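Enquirer: Build me a model from this:
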Amino acid sequence: MANAIEIDNVTKIFRLYQEKYTSLKERVIHAGKNPFQEFYALRDVGFDIPEGSTVGLLGHNGSGKSTLLKCIAGILQPTSGEIRVKGRVSSMLEIGAGFHPELSGRDNIYLSATLLGLPVKEVAGRFDAIVEFSELGQFIDNQVKHYSSGMYARLGFAVAVNVDPDVLLVDEVLAVGDENFQRKCIDRIKLFQREGRTIVFVSHSPDLVRAICQSAYVLDHGSIIGRGDPGDAIAALRDSMQRGGGVGGTIIGEAIAPTADTVSTGEAEPEKLIDITSIKTVSRQSEGREHILPHDALTFEVNYHAIAPIGGLSVTFQIFSPQNEMVFSANTKDLGIDTFDLDGDGVIEINFDDMALLDGIYATSVNFVDHDNALLCWHEEKASFQVVNPSRVSGMVALNFSVNSYSVPRVIH
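Expert: Residues are numbered from 1 along each chain as shown. Alright, predicted model coming up:
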């Protein structure tokens, strides 16, 4: 299969100047003398994208994804290396890119489509389709400087997908529009896939990359650190973010340091009767991996120290998503589990036979409460664990299901 895009050892360096001179006199006096630092936005990046494939680019903010996309689009020129692109390129790189704020939406459609290589007569023939896709009919003759960010995204994407591109470059712009427009954009991207067009897609949404991309590349500080199937690339991204300190705590290991989230009310805090010394996450199925797979069994070992003998206790256990949303919360008493009597040092194990979660780094919180539901350990002690989904299933929970197929007899009258 021929390649639609060939990227050969591309490096892009920006100069970061220590002083910024605004007047002509200052620029003449300091010409060639202004000290600067070289910033490597891309460093020896090289890979090929076959025709008709959809490739995702993943990475933290500042990793070089958008810079690479702009180099492919020809907006930026590499400092070294070469990029070869076959066919007409249409790009949606940032909100309002290529739009003139003083012009109307109508005028900007002609301007943007012409810059993308479409003759004026063809723009006129596709104008109605562009306006219909953008859903901006009543605002199309208003100046775009009065548009909201969502309206910018609608108009820009409508132009980009209606100029009949061979290669479509899409940056993180779909997050701006409403849900209905996002679905419309995804449907159009899937139509392009069926038509055999090449798509390069930048997104911070692993589920979106997993759903529409055949492969993905992970960038970190301008270099490729992972490539392959979307599941493998997402795992490489999360491992990189863990090493870079983006997420606190260990995965399958010791708990992170406790955080005090309580707000002082001026009253004396109650006496602390129990101290959680550590929380360990243990998976006997991980086989040395620093992550678990969906449906793996997982055990949380809660090490505690009771200041004095205390009885009639229950445990509240919570799991939080990467977006800090509550995934699961339960108290052992509500589940019909007998209360605990604690004295001195000990361990309580919380066992999950089937951790039915998909991609993400999840946080856990454990607390002890007495028979009156009074909190006895009011400092949250959290541990994190990572779930890596090797399949193309997306979402948050891993549900087992089956499909039956059968034919229904036709009734002939």
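
Enquirer: what bridges to Ile276?
Expert: With beta bridges defined as DSSP bridges, Ile276 has these partners: Tyr304.

Enquirer: isn't it right up against Glu301?
Expert: No: taking Cβ atoms under 8 Å as the contact criterion, Ile276 and Glu301 are not neighbours in contact, 11.0 Å apart. To be clear about C-beta, it is placed using only N, CA and C from the backbone, and glycine gets the same treatment.

Enquirer: quick one, which of the two is more surrounded?
Expert: Legend: neighbour count by other Cβ atoms under 10 Å for Ile276 and Glu301, higher for Ile276 (19 against 16).

Enquirer: Can you tell me the SS state at the nearest residue to Gly196 once chain neighbours are set aside?
Expert: Leaving aside its sequence neighbours, Gly196 sits nearest to Gly52 (Cβ to Cβ, 6 or more residues apart in numbering; 4.1 Å). Look at Gly52: counting by DSSP: H, G, I helix; E, B strand; the rest coil, its state is coil.

Enquirer: how near is Gly52 to Val167?
Expert: In this view, Gly52 and Val167 are 10 Å apart by Cβ to Cβ, to the nearest Å.

Enquirer: With Asp353 instead?
Expert: Taken as Cβ to Cβ, the span from Asp353 to Val167 is 48 Å.

Enquirer: quick one: contacts for Leu168?
Expert: Val89, Ser90, Ser91, Met92, Ala160, Val161, Ile189, Phe192, Arg197, Thr198, Ile199, Val200 (Cβ atoms under 8 Å, 6 or more residues apart in numbering).

Enquirer: In those, which has the lowest confidence score?
Expert: In terms of pLDDT, the least confident member of these is Met92, at 76.

Enquirer: what's the burial count for the closest residue to that residue other than its chain neighbours?
Expert: Using Cβ to Cβ, 6+ apart and skipping residues adjacent in sequence, the residue nearest Met92 is Ala160, 4.3 Å away. Neighbours of Ala160 under the rule other Cβ under 10 Å: 25.

Enquirer: Pro390 now?
Expert: Neighbours of Pro390 under the rule other Cβ under 10 Å: 14.

Enquirer: Look up how far Val366 lies from the residue nearest to it when sequence neighbours are not counted.
Expert: The shortest distance from Pro390 to any non-neighbouring residue, by Cβ to Cβ, 6+ apart, is to Gly231 (4.6 Å). Distance from Gly231 to Val366, counting by Cβ to Cβ: 30 Å.

Enquirer: Could you do Arg126 as well?
Expert: 59 Å.

Enquirer: Spell out which residues make up each domain of the chain.
Expert: The chain breaks down into these domains under automatic domain parsing: 3-243, 274-387.

Enquirer: May I see the ones you listed arranged in TSV, with distance to Val408 as well?
Expert: Shown next, in TSV, are the domains of the chain (distance: least, Cβ to Cβ, whole Å):
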stretch	distance to Val408
domain 3-243	30
domain 274-387	33
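
Enquirer: Would you mind saying which of those domains lies nearest Ser407?
Expert: Of all the domains of the chain, it is domain 3-243 that lies closest to Ser407, at 27.9 Å by Cβ to Cβ.

Enquirer: Next, the contact list for Ala160, please.
Expert: Ser90, Ser91, Met92, Leu116, Leu168, Val170.

Enquirer: Could you verify that the first one is part of a helix?
Expert: Okay, so that is Ser90. No: assigned with three-state DSSP, Ser90 falls outside any helix and is strand.

Enquirer: and the residue lying closest to it once chain neighbours are set aside, how many neighbours?
Expert: Closest residue to Ser90 apart from its sequence neighbours, by Cβ to Cβ, 6+ apart: Pro165 at 3.4 Å. Pro165: 21 surrounding residues under other Cβ under 10 Å.

Enquirer: returning to that earlier point: among the contacts of Ala160, which pair sits farthest apart?
Expert: The farthest-apart pair in those, when distances are taken by Cβ to Cβ, is Leu116 and Val170, at 13.8 Å.

Enquirer: Please pull up the helix or strand immediately following the one helix or strand Ala363 maps to.
Expert: Using DSSP states H and E, Ala363 falls within strand 360-369. Later in the chain than strand 360-369, the nearest helix or strand by DSSP H and E is strand 381-387.

Enquirer: buried ones in stretch 212-226?
Expert: 212-213, 215-222, 224-226 (16 or more other Cβ atoms under 10 Å).

Enquirer: Check the model's average confidence along it for me.
Expert: 90.

Enquirer: Any chance of the contacts of Leu168 in a markdown table with distance to Glu6 as columns?
Expert: Formatted as a markdown table, these follow (distance: Cβ to Cβ, whole Å):
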| residue | distance to Glu6 |
| --- | --- |
| Val89 | 14 |
| Ser90 | 19 |
| Ser91 | 17 |
| Met92 | 22 |
| Ala160 | 22 |
| Val161 | 24 |
| Ile189 | 22 |
| Phe192 | 20 |
| Arg197 | 17 |
| Thr198 | 12 |
| Ile199 | 16 |
| Val200 | 13 |
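
Enquirer: Identify, from the residues you listed, the entry nearest to Ser104.
Expert: Among the contacts of Leu168, Ala160 lies closest to Ser104 (Cβ to Cβ), at 18.6 Å.

Enquirer: is it fair to say the closest one lies in a helix?
Expert: Yes: assessed with three-state DSSP, Ala160 lies in a helix.

Enquirer: CA atoms of stretch 353-369 as PDB?
Expert: Taking Å, rounded to 0.1, in the frame of the first residue of the first chain, the C-alpha atoms of stretch 353-369 are listed here in PDB:
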ATOM      1  CA  ASP A 353     -13.000 -10.900  42.100                       C
ATOM      2  CA  ASP A 354     -13.800  -9.000  38.800                       C
ATOM      3  CA  MET A 355     -12.600  -5.400  38.400                       C
ATOM      4  CA  ALA A 356     -15.000  -4.600  35.600                       C
ATOM      5  CA  LEU A 357     -13.300  -1.300  34.600                       C
ATOM      6  CA  LEU A 358     -11.800   0.000  31.400                       C
ATOM      7  CA  ASP A 359      -8.900   2.400  30.600                       C
ATOM      8  CA  GLY A 360      -7.800   4.700  33.300                       C
ATOM      9  CA  ILE A 361      -5.900   5.500  36.500                       C
ATOM     10  CA  TYR A 362      -8.300   5.100  39.300                       C
ATOM     11  CA  ALA A 363      -8.000   6.300  42.900                       C
ATOM     12  CA  THR A 364      -9.300   4.600  46.000                       C
ATOM     13  CA  SER A 365     -10.300   5.900  49.400                       C
ATOM     14  CA  VAL A 366     -10.800   3.900  52.600                       C
ATOM     15  CA  ASN A 367     -12.300   5.100  55.800                       C
ATOM     16  CA  PHE A 368     -13.400   3.500  59.100                       C
ATOM     17  CA  VAL A 369     -16.800   4.500  60.700                       C
END
